[in-house]
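Novice: Pasted the sequence and its predicted model underneath.
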Amino acid sequence: MKKLFCLLLIASHCSVVTVKAQPACSGVYLTANDFTVGKLYYASACRSTSKESYYSLLANSHFFIIGPGWAWRRIDKENVFAIKSCEGQIVRICQGNNYYLLNPGEPIPIYKAMINPVSKGCAIRVKYCFSVDMVSEIRDLTIDNLKAAFRQKDRFAEKINAHFKDDSDLYAYNETNKCFELNEVFQNCK
């Protein structure tokens, strides 16, 4: 009986489940340096409201309100560098526009921006952009802009001319290698 009691005691001790708090995974980066070091402000664990707080209000207004720990705070959009969701989506904010990062982890970040129509009856336009690295200036994704941004890499400029015929080829995605063609060309130039 003592052996059975000891075994039950040991089994119950080993089966105790530790409950850990879910790490904060969504929030805002106020500066490029915060983004580089991964310092999220107003961070929260994924709750049903976190995506709504950061994405819906972001797209439709010049400010949004974040409520971590029930302490509400208004943040002007111009004071935010980027926003991260728990799903890993990153939106950089530049000159009041939202730039959705399409390829986290690749050497040349590629962004997609939705440009609202200037007049009634026009459709929303999709604009593709890039930056030299994750914190540098966002530029339109064109062959000329790429050559200017990477002018010290002559071999890359030659590969751009050989591989891409026009600007729309620059954001082609390679399903086999799971990366954008542009980054594949860039990697082959190293």
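Specialist: Nice, thanks for sending it over. Numbering: from 1, shown residues only.

Novice: Who's the closest spatial neighbour of H163, skipping the chain neighbours?
Specialist: V185 (5.2 Å; C-beta to C-beta, 6 or more residues apart in numbering). Just so you know, the C-beta spots here come from the backbone N, C-alpha and C atoms, and that holds for glycine as well.

Novice: ok, how many other residues are close to that neighbour?
Specialist: Residue neighbour count, defined by other C-beta atoms under 10 Å, stands at 18 for V185.

Novice: from here on, count from 27
Specialist: Sure thing, new numbering starts at 27, so read that last one as V211.

Novice: hang on, it packs against E184?
Specialist: No: between V211 and E184 there is no contact, the gap being 10.2 Å when judged by C-beta atoms under 8 Å.

Novice: what's near enough to touch V158?
Specialist: Under the criterion of C-beta atoms under 8 Å, 6 or more residues apart in numbering, the contact partners of V158 comprise 134, 175-176.

Novice: before we move on, what about T57?
Specialist: Taking C-beta under 8 Å, 6+ apart as the test, what T57 contacts is F107.

Novice: Where does the prediction get shaky in the chain?
Specialist: Applying pLDDT under 70 to the chain picks out residues 27-50, 70-99.

Novice: Closest to the centroid, which residue in it?
Specialist: The chain has I116 as the residue nearest its centroid, 2.0 Å off, counting by C-alpha atoms, centre = their mean.

Novice: Let me see the domain layout of this protein.
Specialist: Each structural domain of the chain that the record assigns through automatic domain parsing is listed here as a residue range: 47-127, 129-216.

Novice: Start and end of the longest one, how far apart?
Specialist: Looking back up the chat, that one is domain 129-216. The straight-line separation of the ends of domain 129-216 (C-alpha to C-alpha, to the nearest Å) is 19 Å.

Novice: and it, how far from the chain's centre?
Specialist: The chain centre lies 15 Å from the centre of domain 129-216; the measure is C-alpha atoms, centre = their mean, to the nearest Å.

Novice: Chain neighbours aside, what residue packs nearest to D166?
Specialist: The shortest distance from D166 to any non-neighbouring residue, by C-beta to C-beta, 6+ apart, is to C155 (5.7 Å).

Novice: wait, that neighbour sits on E163?
Specialist: No: C155 is not in contact with E163 according to C-beta under 8 Å; the separation is 9.8 Å.

Novice: Looking at these two now, which is surrounded by more residues?
Specialist: Between C155 and E163, counted using other C-beta under 10 Å, C155 has the larger neighbour count: 23 against 10.

Novice: If anything else comes up later, I'll come back, but that's it for now.
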